[in-house]
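Visitor: Need the 3D shape of this:
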Amino acid sequence: MKFMGYRRNDGRVGVRNYVLVVSTVFCGSSVAQKIAALTDTALVTHQGGCGQLGPDKEHTLEILTGVVTHPNVGGVLVVGLGCEQVDAKELMAAADGKPARYLSIHDVGGNQNAEKSGVQLVNELKLEVEKAKRVPVGIDELIIATQCGSSDTGSGLASNPVVGELADLMVGAGGTVILGETGSLYGAAGLMARRAVTPELGQRIIEITNVRERHYKRMGKSIKEANPTPGNIEGGLTTLVEKSLGGVRKGGTTPIQGLLKPGEKIMGKGLWVMDTSLGLGACASADMLAGGAQIMAYTTGKGNPVGSPIAPVIKITATRETVTTLDDIIDFDASPVLLGNETLKDCGRRLLEEVRRVADGDITKSEKFGSNIFAIGSIAVG
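Guide: Now for the predicted structure:
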């Protein structure tokens, strides 16, 4: 099974050829937003980039580096203020081999000059990026990130298992799948540890959930107080263990090959677990995508609109009402499984074909309607 992708200088393959505007620091976000709006360009802003220490500072730089080097990004403009910890010129240099520019708001003389200069630079980048051509690529070069949000009972019973079938098919074809959302592994970590390729890896998978719980206990709280969310409970979920046992089914049944730090570039094949950062689901999404995933398979019950500026996000639900009422969010209908009209395997094969079409250029709902959010989480230290 093949698709038409963009072969980058580092050997990786992109399924998109985005020109991206990236702010190094929260203080420069408004200028970056204006440039992106004026040029109809993808945008990455965040709340970090300065005043951060230790793991949080390192994490922000790792994610932004993963963004500018991402195979779906054909060209990038880095917008800096000029006094932040994340240096705009250095971040631009990390985009090694692809068209890249940077500007400093301080150096060019303020917001309006920066916006004018930024528009000119983006237009230059667009001309360069247009030279990239699609070439035939096998699906073994795809990395699929998995995520769930606004989950309900249908998520654990059908849509997550369907993504698990996709994961098994991808791994069987020589591709790569990432299972993240560390907070939602709590309660199912022991089950996942048994699937690790070594006992040491299994112990590390258990430990990342223990670190997460110790982080909250230092505040006199437990992760179980915030997860399941009110929306999850309204959708029929009762406990975090119940949610976790359904959520990890997105990873299918193959052995777990390794454990990644949040945002770490993935270098292997098969199924991997990523210890994603604290924060909203968009933070876990940013971690997995910054690690190199070109597409995200995102299950939802009640309907979650979150997309990404650096990768197409395929929204999957098994709740028929969500399919019919939220047409501008949902890409893939897995409700025939829940209704008993389709097997998991058949639905998984249908989802694999959907992934191939999206990799080949079909536009997802979040891309069509611009429902793109980017956030960088903080790091649990335990």
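Visitor: What about the closest residue to residue 333 other than its chain neighbours, how many residues nearby?
Guide: In this structure, residue 333 finds its nearest non-sequential neighbour in residue 323, 4.8 Å apart by CB to CB, 6 or more residues apart in numbering. Bear in mind the C-beta positions are built from the backbone N, C-alpha and C, glycine included. Neighbour count of residue 323, defined by other CB atoms under 10 Å: 17.
Visitor: Tell me the helix or strand right after the helix or strand that residue 38 is a member of.
Guide: Element membership of residue 38, judged by DSSP states H and E, is helix 29-39. Going down the chain from helix 29-39, the next helix or strand is strand 42-44, by DSSP H and E.
Visitor: related to what we said a few turns ago, residues contacting the residue nearest to residue 333?
Guide: The contact partners of residue 323, by CB atoms under 8 Å, 6 or more residues apart in numbering, come to 317, 330, 333, 335.
Visitor: and the third one, bridged to which residues?
Guide: By that I understand residue 333. Here residue 333 sits in beta bridges with residue 317, going by DSSP bridges.
Visitor: how near is it to residue 253?
Guide: 23 Å (CB to CB, to the nearest Å).
Visitor: And these two? Which one has more around it.
Guide: Legend: neighbour count by other CB under 10 Å for residue 333 and residue 253, higher for residue 333 (19 against 12).
Visitor: Tell me how many other residues crowd residue 65.
Guide: 18.
Visitor: contacting residues around it?
Guide: If you count contacts by CB under 8 Å, 6+ apart, residue 65 has them with 91, 94, 290.
Visitor: Assign the first one to helix, strand or coil.
Guide: Read it as residue 91. Following DSSP: H, G, I helix; E, B strand; the rest coil, we place residue 91 in the helix state.
Visitor: State the helix or strand in which the closest residue in space to it that isn't next to it in sequence lies.
Guide: Leaving aside its sequence neighbours, residue 91 sits nearest to residue 78 (CB to CB, 6+ apart; 4.9 Å). Residue 78 is located in strand 73-80, with elements delineated by DSSP H and E.
Visitor: what comes up buried for that strand?
Guide: Under the neighbour-count criterion of 16 or more other CB atoms under 10 Å, strand 73-80 has 73, 74, 75, 76, 77, 78, 79, 80 buried.
Visitor: Ok, stretch 289-308 next?
Guide: Neighbour counts over stretch 289-308 (16+ other CB under 10 Å) mark 289-308 as buried.
Visitor: Repeat that for stretch 320-339.
Guide: For stretch 320-339, burial by neighbour count (16+ other CB under 10 Å) applies to 322-323, 326, 329-338.
Visitor: So what does the closest residue to residue 257 other than its chain neighbours look like in phi/psi?
Guide: Among residues not flanking residue 257 along the chain, residue 270 sits closest, at 4.2 Å (CB to CB, 6+ apart). Here is the backbone geometry of residue 270 (degrees, to the nearest 10): phi 90, psi -160.
Visitor: try the one 3 residues further on
Guide: Note on residue 273: backbone dihedrals following degrees, to the nearest 10 are phi -100, psi 130.
Visitor: re the thing from before, looking at it, the residue nearest to residue 257 is touching residue 170, isn't it?
Guide: No - using CB atoms under 8 Å, residue 270 is not in contact with residue 170, being 9.2 Å away.
Visitor: quick one, strands of the stretch 251-382 of the chain?
Guide: Counting by DSSP state E, counting those that start in this stretch, the stretch 251-382 of the chain has strands at residues 256-260, 270-274, 295-300, 313-317, 332-333.
Visitor: Excluding chain neighbours, what is closest to residue 105?
Guide: In this structure, residue 105 finds its nearest non-sequential neighbour in residue 114, 4.6 Å apart by CB to CB, 6+ apart.
Visitor: correct me, but residue 334 touches residue 159?
Guide: Yes - at 4.6 Å, residue 334 counts as touching residue 159 under the criterion of CB under 8 Å.
Visitor: neighbour count winner among residue 270 and residue 170?
Guide: Neighbour count, other CB under 10 Å: between residue 270 and residue 170, residue 170 has more, with 26 against 18.
Visitor: OK, contacts around that one?
Guide: Residue 170 makes contact with 139, 142, 144, 176, 177, 352, 355, according to CB under 8 Å, 6+ apart.
Visitor: where does residue 6 land in three-state SS?
Guide: Under three-state DSSP, the three-state class of residue 6 is strand.
Visitor: can you tell me how far it sits from residue 282?
Guide: 25 Å.
Visitor: after the helix or strand where residue 170 lies comes which helix or strand?
Guide: Here residue 170 sits within helix 160-172, counting by DSSP H and E. Downstream of helix 160-172, the first helix or strand assigned by DSSP H and E is strand 176-179.
Visitor: any low-confidence regions in this protein?
Guide: 224-228, 231, 233, 237-238, 240-243 (pLDDT under 70).
Visitor: Cool, thanks, talk later.
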